[in-house]
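*Asks:* next comes the sequence, and after it the predicted model I'd like to discuss.
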Amino acid sequence: MSYNYLNSNFTKALGMSNKNIFLRRLKAIMYYVDSIILFFIKKPVYRQEKKKKVLVIYNLVFGDGVIWRCSAIHLRKIYPKSNYEITLICQKGIDKLYEKDDTYDKIIPIDFNKATVNLKERIKNFKTIRNKYYDIVLDPVGIFEMTTNILYMKAAMGKEKIGLRDINVELHCSMKKINKIYNKIIQITEPNLSLIEYYNSFINGLTDKKVNIIPSLEKLKTTPTKLKLPKEYFIVFPCASTSLKRWPIDRYVEIAHKIYEKTKFKLVLVGTDADKEAIDEFKSKLDIPYEDFVCKTSLNDYIDVIKNAKLVVTNDTSAYHIAVIEEVPVAIISGAYTYERYVLYHFKGSDKYRKPCIVAKNKKCKNCNNRCKFLQKNDKIWPCLNEITVDYAWQKIEHLIEENYGGTNEHRKITRNNS
C-alpha cells in the first residue's frame, strides 16, 4: 500500500521507547552514532545560484503532516518563487499529500521510520540529505528531546539552520548539542498551543517582518474515489501508532453496535497493513454489516473515504485531523497525554469550523508528553485512556449524532424525505 508508512519493527520500537523513559534517553546515543556515520559521508560544496535553496525536513507521519500542510502553504509569503527554491524531505508514502500544492519545487520522500531500526537505510538517507548544500534548512517539528528531526538537521548542510522550541515544555536533551546544530531557534512563549498554532508560530517566526499568518484549516486536494461506498456510512478506526494509545477493541465494538442501532449507517473499515492486526480483531467481534477496504485504498482514496463519511470515531490522529479539516462529524477517543497540542482545536477563528467531539478526561496531569508517572509495568494502555468507559464515550458520541442527524433513525428518515 502506498501510504503504509509504519513498519512493524518501527512500531514496536516506538511503543517500547514511549513506555520506558530510560530507552527514550538512550536515543541521545544516536547523536554520537550519527557523528561517526557522517564522518564518512562526503560534504557537498556550496554553490551560489540565482535562487536561494531552502530545505524543509519534516519527518512526522500522516496525521501531523495534514496539519503542517495547513501552515506550510504560507511559506511562499516568506520565500517567494521568484527568489527561492523550496525542497521538502518527508516520510516516504505521504509525499502525495503535498504534491498538488504549489508550496514545494521538489519533494524527496525517504523512509525515516525504517532508518530508525536499519543502519543501511540511515546511511542512504544521510547521503540523500547531503546531496546539496542549502542556504536555509528548516525544522518545524520542534526541539524537545533527541528526536529524528534534530538528528537529520545535524546531517543536513545549510548556511542557516532554523528550529523551533516551546519553552513551556521541559527540554530533555543537551542545549550545548542543540546550539551546535541550529543557527536560530524560534521560541514559543505562549503555553498550550494547538498543533496548527504551533506550526503557525514557526512560519511567523521565520522573518522579522510582520507576516501574521492566521491559522486556517485548508481542505485536502483529492480526486473522487472509485471505490463503491455505501450511500451513508460511518468509520470506526480502532488503531493507533502504538498499543499504549489504543482504546480496547471490545469497547470499540460496543460503540460500533450502538452507532449502527441508532443511525443504520453502514460501517466502513479502512487502514493499511500496519493496522490489519487491530482491525482483524475488531472485525472478528462485530455483529453488524460492514464494508472492508483495509489495504485496498490509496492515500487519495483513504482521504476521500473519510471526507464522505457521516461520522468518524477514532483514537488515531491521522483520521481525526483529516475529518476535522474536512468538517466531518468526528469523535476522538483520547488520553490526556498531549491534550492541548494534538486534540484541541481552540484557536483564533476556530469557531467558524465544525467542532470535533473530544472523548477525553481533562485531567490535572494532562500534557505529560507521553511521560506518564502513573503508568504501571503491566499496563497495556495509558491509564488516562483506560479510564474512558463505553458509557462515557457513548454519551458524547450520541450527542454528536443527534446534533448532526437528529434523535433517532426514524427522525432521520423523515428529515431526509422532507428535504
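*Replies:* Yep, that arrived.

*Asks:* what about the strands in the stretch 101-250 of the chain?
*Replies:* Defined through DSSP state E, counting those that start in this stretch, the strands belonging to the stretch 101-250 of the chain, from first to last, are 106-110, 134-138, 158-166, 184-188, 233-237.

*Asks:* residue 78 against residue 206, yeah?
*Replies:* Yes: if you go by CB atoms under 8 Å, residue 78 and residue 206 touch, sitting 5.1 Å apart. C-beta: built from backbone N, CA, C; applies to glycine.

*Asks:* which one of those two is surrounded by more residues?
*Replies:* residue 206 (21 against 16; other CB atoms under 10 Å).

*Asks:* the more buried one contacts residue 162, correct?
*Replies:* Yes: using CB under 8 Å, residue 206 makes contact with residue 162 at a distance of 6.8 Å.

*Asks:* tell me, how many residues neighbour residue 314?
*Replies:* The local packing count at residue 314 equals 24, with neighbours defined by other CB under 10 Å.

*Asks:* so what's the spatially closest residue to residue 135 that is not a sequence neighbour up against?
*Replies:* Across the structure, with CB to CB, 6 or more residues apart in numbering as the measure, the residue nearest residue 135 apart from its sequence neighbours is residue 52 (4.2 Å). In this structure, residue 52 makes contact with 79, 83, 84, 85, 135, 136, judged by CB atoms under 8 Å, 6 or more residues apart in numbering.

*Asks:* pull the most distant pair out of these.
*Replies:* For the contacts of residue 52, the farthest-apart pair by CB to CB is 83 and 136; their separation is 11.6 Å.

*Asks:* looking at these two, which has the bigger crowd around it?
*Replies:* The residue with more neighbours, out of residue 83 and residue 136 and counting by other CB under 10 Å, is residue 136; that gives 20 against 9.

*Asks:* which strand residues bridge the more buried one?
*Replies:* residue 54, residue 160 (DSSP bridges).

*Asks:* quick one: contacts for it?
*Replies:* In this structure, residue 136 makes contact with 52, 53, 54, 55, 79, 158, 159, 160, 161, 162, judged by CB under 8 Å, 6+ apart.

*Asks:* which ones are touching the fourth one?
*Replies:* Each residue near residue 55 by CB under 8 Å, 6+ apart is listed here: 86, 87, 88, 89, 129, 132, 134, 136, 137, 138, 156, 158.

*Asks:* show me what the strand or helix carrying the first one is packed up against.
*Replies:* The one in question is residue 86. With elements taken from DSSP states H and E, the one containing residue 86 is strand 84-91. With contacts defined as 3 or more CB pairs under 8 Å, 6 or more residues apart in numbering; DSSP states H and E, the packing partners of strand 84-91 are strand 52-58, strand 106-110.

*Asks:* next, the angle from it to strand 52-58.
*Replies:* Orientation of strand 84-91 against strand 52-58 (axes from the mean of the first three to the mean of the last three CA atoms, to 10 degrees) gives an angle of 20 degrees.

*Asks:* give me the local confidence score for the closest residue to residue 305 other than its chain neighbours.
*Replies:* Taking CB to CB, 6+ apart, and ignoring the residues beside it in sequence, residue 305 has residue 270 as its nearest neighbour in space, at 5.5 Å. In the prediction, the pLDDT value recorded for residue 270 is 95.

*Asks:* isn't residue 270 up against residue 237?
*Replies:* Yes: if you go by CB under 8 Å, residue 270 and residue 237 touch, sitting 7.0 Å apart.
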